[in-house]
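here is my input; please provide its structure:
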Amino acid sequence: MIRMKRMTTALCIPLGTLFCLSGCSSMAPKYVTPDAPVTAAWPSGPAYTAEVAKQSQKQLADIPWQEFFVDPQLRKVIVLALENNRDLRVALLNIERSQAQFQIRRSDLFPKINATAGANYQRIPAGFSSTGKPVTVDQYSVGLGVASYELDLFGRVQSLKDQALQQYLATEQARRSVQISLVSQVASSYLTLMADRERLQLAKETLTSQQSSYQLIRRRFEAGVSSTLDLNQAQTSVDAARVDIARFTTLVAQDENSLNSIVGSSIPAELLPKKFTDTLAAMKGVPPGLPSDVLLRRPDILQAEGQLKGANANIGAARAAFFPKITLVSSVGFGSEGLSGLFNKDSFAWQFAPQISIPIFDAGSNKANLKVAEVDRDIMVAQYEKAIQIAFREVADALAQQGTINEEVAAQQSLADATSESYRLTMARYDKGVDSYLNVLYSQRSLYSAQQALINVQLARLTNVVTFYKVLGGGGE
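Residues are numbered from 1 along each chain as shown. Below you'll find the model as predicted:
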């Protein structure tokens with residue numbers, strides 16, 4: 001029986017040769033930023049202040065949220081949300097995922113070098129052997145080589161890499177957008193809880209006042225001075241205040257649950273608002289600047305543009321599919337039946353196996369893929385333009401409220417003061433027997449409604465500040 005032994009080692013061919021062959025520009029169309037489908041100036045009119053047209057010295061997007069929101073308790077709640085909110089956590093994981101996908105696409109631009117080692121043992125029966133005797137063959141291999149490397153002559157791989165890069169950049173902007181929304185959502189929920197606690201406190205104070213009035217009317221009724229109608233009307237005021245206390249107690253509990261859900265963890269009681277304050281934010285009248293400066297810096301707009309650029313790059317990959325695809329498999333090295341002669345000059349061996357694939361008939365598949373890529377690009381253009389329009393409307397709405405909210409608060413404060421004085425005078429007239437208790441009851445309800453409305457407009461003013469933080473692109477990290 002004859003034994004045959006073979007041992008081979010291989011090395012890759014020079015990489016510079018491959019790089020020279022694969023250097024080609026992308027076939028993607030040149031990217032041009034679509035024109036913004038909005039006017040070059042913010043709306044004007046009675047609802048807008050003169051500051052709307054001014055260019056701010058420092059864009060709100062450049063101001064960290066820690067400088068914008070100055071209340072120490074609110075800051076701590078926001079920090080908790082940034083650490084525990086699941087939506088933000090998902091956004092961060094999406095960044096990692098997109099980054100890994102980009103690295104995968106980028107690696108396709110380079111040859112992949114593999115080191116291999118193997119052994120093969122085979123016995124050939126006598127009937128199949130050329131010598132007429134059974135033969136045992138032992139084969140050993142060790143090598144380095146390049147397997148299935150595509151020469152990117154028409155930019156297909158480059159276009160796919162560019163698309164993955166834009167997707168990665170878009171997810172980063174999506175993370176910024178989620179963070180800005182989260183910060184503003186925490187602040188808005190915090191304000192809502194603060195306002196509902198203020199409403200609850202007002203309802204409790206009103207109940208105490210109504211109970212005192214009821215006891216007074218009851219004593220007057222027992223003395224024969226007041227009528228049964230007066231007593232029943234006083235009772236209705238007490239019951240109405242009790243209803244509001246129950247309602248606002250429920251709202252406060254629901255506000256706390258909502259805030260805990262947004263933050264992603266239970267908020268310590270000492271961080272919850274204790275009383276209504278007007279100093280949560282440091283900046284209340286920041287001019288927005290020009291639309292072109294504001295809108296194109298918003299992360300949601302940048303995200304939409306990144307997706308548009310990615311769709312544009314996909315067109316290049318679809319175009320390249322119409323052209324030949326060349327792949328290489330190559331190796332060089334030495335081969336010998338024994339280790340002693342492995343590196344002799346006569347043992348030198350090499351392999352070079354280029355393969356070219358030319359699309360001839362694909363039943364319209366490549367053409368359809370190109371059409372899909374072009375339509376996807378057009379869809380992204382429309383979505384990009386829509387994102388700009390939505391952003392413009394959001395800023396314009398915030399500007400309209402900013403231009404009138406201070407006047408509304410002042411008017412509501414004046415109304416509450418006048419209603420309070422009217423109630424005092426009506427009560428004095430009733431005590432002297434000049435007026436009926438029905439007028440007192442009407443004044444009480446008017447005062448209570450005016451005080452509740454004052455809380456509402458004060459909340460609206462603070463919420464408008466938070467809205468400005470969000471719609472103007474938020475602040476830094």
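
from here on, just use CA atoms for contacts and neighbour counts.
OK.

dump stretch 208-224 to PDB, keeping only the CA atoms.
Only the C-alpha atoms of stretch 208-224 are listed here, as PDB (Å, rounded to 0.1, in the frame of the first residue of the first chain):
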ATOM      1  CA  THR A 208     -63.200  75.500  54.700                       C
ATOM      2  CA  SER A 209     -64.700  78.900  53.800                       C
ATOM      3  CA  GLN A 210     -67.900  77.400  52.700                       C
ATOM      4  CA  GLN A 211     -68.300  75.400  55.800                       C
ATOM      5  CA  SER A 212     -67.800  78.500  57.900                       C
ATOM      6  CA  SER A 213     -70.400  80.300  55.900                       C
ATOM      7  CA  TYR A 214     -72.800  77.300  56.200                       C
ATOM      8  CA  GLN A 215     -72.400  77.300  60.000                       C
ATOM      9  CA  LEU A 216     -73.100  81.000  60.100                       C
ATOM     10  CA  ILE A 217     -76.200  80.600  57.900                       C
ATOM     11  CA  ARG A 218     -77.400  77.700  60.000                       C
ATOM     12  CA  ARG A 219     -77.200  79.800  63.200                       C
ATOM     13  CA  ARG A 220     -79.000  82.600  61.500                       C
ATOM     14  CA  PHE A 221     -81.600  80.000  60.300                       C
ATOM     15  CA  GLU A 222     -82.000  78.600  63.800                       C
ATOM     16  CA  ALA A 223     -82.500  82.200  65.100                       C
ATOM     17  CA  GLY A 224     -85.200  82.800  62.500                       C
END
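
which parts of stretch 399-419 count as buried, going by neighbours?
Neighbour-count burial for stretch 399-419, counted by 16 or more other Cα atoms under 10 Å, picks out 399-403, 405, 408-409, 412-413, 415-416, 419.

now, these that are in helices?
Those of the buried residues of stretch 399-419 mapping onto helices are 399-403, 405, 408-409, 412-413, 415-416, 419, per DSSP state H.

distance to residue 185 and pLDDT added to the residues you listed, as TSV?
Below are these laid out as TSV (distance: Cα to Cα, whole Å; pLDDT from 0 to 100):
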residue	distance to residue 185	pLDDT
399	19	87
400	21	89
401	18	89
402	19	86
403	23	86
405	20	89
408	24	93
409	23	92
412	26	94
413	27	94
415	31	95
416	30	94
419	34	93
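
how about the residues you listed in a markdown table, adding distance to residue 246?
Output for these, formatted as a markdown table (distance: Cα to Cα, whole Å):
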| residue | distance to residue 246 |
| --- | --- |
| 399 | 36 |
| 400 | 35 |
| 401 | 32 |
| 402 | 33 |
| 403 | 36 |
| 405 | 30 |
| 408 | 29 |
| 409 | 27 |
| 412 | 26 |
| 413 | 26 |
| 415 | 27 |
| 416 | 24 |
| 419 | 25 |
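
let me know the closest of the residues you listed to residue 136.
Distance ranking of these against residue 136, using Cα to Cα, places residue 399 first at 88.5 Å.

that older thread, out of the buried residues of stretch 399-419, who's nearest residue 472?
residue 399 (10.8 Å).

quick one: the closest one and residue 353, what's the gap?
Distance, residue 399 to residue 353, by Cα to Cα, to the nearest Å: 67 Å.

before we move on, what about residue 166?
Going from residue 166 to residue 353 by Cα to Cα gives 35 Å.

those two: which is more packed in?
Each of residue 166 and residue 353 has its neighbours counted (other Cα atoms under 10 Å); residue 166 has more, 24 against 11.

hang on, that one packs against residue 304?
No: between residue 166 and residue 304 there is no contact under Cα atoms under 8 Å: 10.2 Å.

is residue 123 part of a helix or strand, or is it coil?
Three-state call for residue 123 (DSSP: H, G, I helix; E, B strand; the rest coil): strand.

same deal with residue 226?
coil.

run through the helices of the stretch 151-300 of the chain in chain order.
In the stretch 151-300 of the chain, the segments counted as helices under DSSP state H, counting those that start in this stretch are 156-222, 228-263, 291-295, 299-320.

distance to residue 47 and mean pLDDT added to the ones you listed, as CSV?
Listed next are the helices of the stretch 151-300 of the chain as CSV, based on distance: least, Cα to Cα, whole Å; pLDDT from 0 to 100:
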stretch, distance to residue 47, mean pLDDT
helix 156-222, 23, 88
helix 228-263, 31, 90
helix 291-295, 18, 76
helix 299-320, 26, 89
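
need those in CSV (columns: distance to residue 115).
Formatted as CSV, these follow (distance: least, Cα to Cα, whole Å):
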stretch, distance to residue 115
helix 156-222, 24
helix 228-263, 50
helix 291-295, 52
helix 299-320, 31
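
residue 213 and residue 234: what is the separation?
7 Å.

these two: which is more packed in?
Between residue 213 and residue 234, counted using other Cα under 10 Å, the more crowded position is residue 234 (24 against 18).

was I right to think the more buried one contacts residue 217?
Yes: in this structure, residue 234 is within contact of residue 217 by Cα under 8 Å, at 7.3 Å.

could you find the closest non-adjacent residue to the spatially most central residue of the chain?
Nearest to the mean C-alpha position of the chain, by Cα atoms, centre = their mean, lies residue 178 at 2.7 Å. In space, and not counting its chain neighbours, residue 178 is closest to residue 88: 6.1 Å by Cα to Cα, 6 or more residues apart in numbering.

hang on, the one you found packs against residue 179?
Yes: between residue 88 and residue 179 there is a contact at 6.4 Å, judged by Cα under 8 Å.

hey, what's in contact with both of the two?
Here residue 88 and residue 179 have residue 82 as joint contacts, going by Cα atoms under 8 Å, 6 or more residues apart in numbering.

so for residue 143, what's the pLDDT?
Looking at residue 143, its pLDDT is 69.

ok, and the closest non-adjacent residue to the residue located most distally from the centre of the chain?
Ranked by distance from the centre of the chain (Cα atoms, centre = their mean), the top residue is residue 132, with 75.7 Å. Setting aside the residues directly before and after it, residue 132 is nearest to residue 126 in space (Cα to Cα, 6+ apart), at 5.0 Å.
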